[in-house]
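1. A predicted structure for the sequence below; I have some questions about it.
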Amino acid sequence: IFTAPVKGVYFFNFVLFNPHDISTGVRLLKNGNFVVAATDNPPKQDTEDTTCNS
């Protein structure tokens with residue numbers, strides 16, 4: 001959990017690497033409200049995927 005120490009504009013960047021054949025994801029929430037997400041579902045062929053968002 002991140003609490004802004006001062007008012008202003010903040011930039012968040014995240015990269016998700018999934019080396020397994022399972023679903024995984026990350027979500028960014030502001031005050032409990034959804035802002036953006038990056039997800040990876042199980043692949044059919046390969047077993048490594050990367051996704052990012054900001």
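-> The structure has been received and is ready for your questions.

2. give me the neighbour count for Thr51.
-> Look at Thr51: counted by other C-beta atoms under 10 Å, it has 16 neighbours. All C-beta atoms are positioned from the backbone trio N, CA, C, and that covers glycine.

3. the lowest-mean-pLDDT helix or strand in the chain packs against which elements?
-> Across the helices and strands of the chain, mean pLDDT, DSSP states H and E gives its lowest value to strand 49-53, namely a mean of 70. Judged by 3 or more C-beta pairs under 8 Å, 6 or more residues apart in numbering; DSSP states H and E, strand 49-53 is in contact with strand 14-18, strand 33-40.

4. can you show me the CA trace of the last one as CSV?
-> What follows is strand 33-40, C-alpha atoms only, in CSV (Å, rounded to 0.1, in the frame of the first residue of the first chain):
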residue,chain,number,x,y,z
ASN,A,33,-11.4,2.3,-7.1
PHE,A,34,-10.0,0.4,-10.1
VAL,A,35,-7.6,2.4,-12.3
VAL,A,36,-5.6,0.0,-14.5
ALA,A,37,-4.6,-3.6,-14.7
ALA,A,38,-2.2,-6.0,-16.4
THR,A,39,-3.0,-9.7,-16.7
ASP,A,40,-1.7,-12.9,-18.2
